Structure formats: structure tokens, C-alpha cells
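> build me a model:
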Amino acid sequence: MENKLRYCRLVSGMSQTALGKALDLPQTYISRIENGTIDIKNISIKNAYEIALILGCRIEDLVGEKYLTALEDPLA
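Purely as a prediction, here's the structure:
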């Protein structure tokens, strides 16, 4: 699955440092999500929601529609 956090962050005009500060998380955490060291689908729902809210995007934009559909319907 493609990680779209970097794209959403850049479209919003926010730096990794600024996003980290807004989330009260270190910049290195944002960097590790963007480079795939931390799989974005394994971050907490709270962090995913806050990232989407801050960046002005949907959680689906970050993790992908297919992943969220699978969460809603385990047989999908």
C-alpha cells in the first residue's frame, strides 16, 4: 500500500516539524511514517484522525479506501 502522508502534508504546505508539533509528536515519527519505517495503517486511530484533521484531508486519503473498506467489512 502506498503511503500518502507525504503528499497530503506537502499539499497542505506543512513541514514534518510543524506537523509533529501540531500533533505533539517528534518530527522523526512523521518522517518514519513517510519513509515506511512505520506503516501508516499501524498508527493509532487517534493519530490518523488528528493528522487528517490538521492536513485538511480524509483518513481515506492517508491509508486508502480499500484498507478502510476492509476494516468496515471483514469479508470485503
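
> elements contacting the lengthiest helix in the chain?
Looking across the chain with DSSP state H, the single longest helix is helix 45-55. Helices and strands touching helix 45-55, by 3 or more C-beta pairs under 8 Å, 6 or more residues apart in numbering; DSSP states H and E, are helix 5-12, helix 16-23, helix 59-63. C-beta: built from backbone N, CA, C; applies to glycine.

> any idea of the angle it forms with helix 16-23?
Put simply, helix 45-55 runs at 120 degrees to helix 16-23, going by axes from the mean of the first three to the mean of the last three C-alpha atoms, to 10 degrees.

> could you tell me the angle between helix 45-55 and helix 5-12?
30 degrees.

> pull the residues that contact helix 45-55.
Residues from elsewhere that reach helix 45-55 (C-beta atoms under 8 Å, 6 or more residues apart in numbering): 5, 8-9, 11-12, 14, 19, 22-23, 25, 40, 58-59, 61-63.

> now the buried members of those.
For the contacts of helix 45-55, a burial check counting by 16 or more other C-beta atoms under 10 Å picks out 5, 8-9, 14, 19, 23, 25, 40, 59, 61-63.

> and stretch 21-36, end to end?
In stretch 21-36, first residue to last residue: 20 Å (C-alpha to C-alpha, to the nearest Å).
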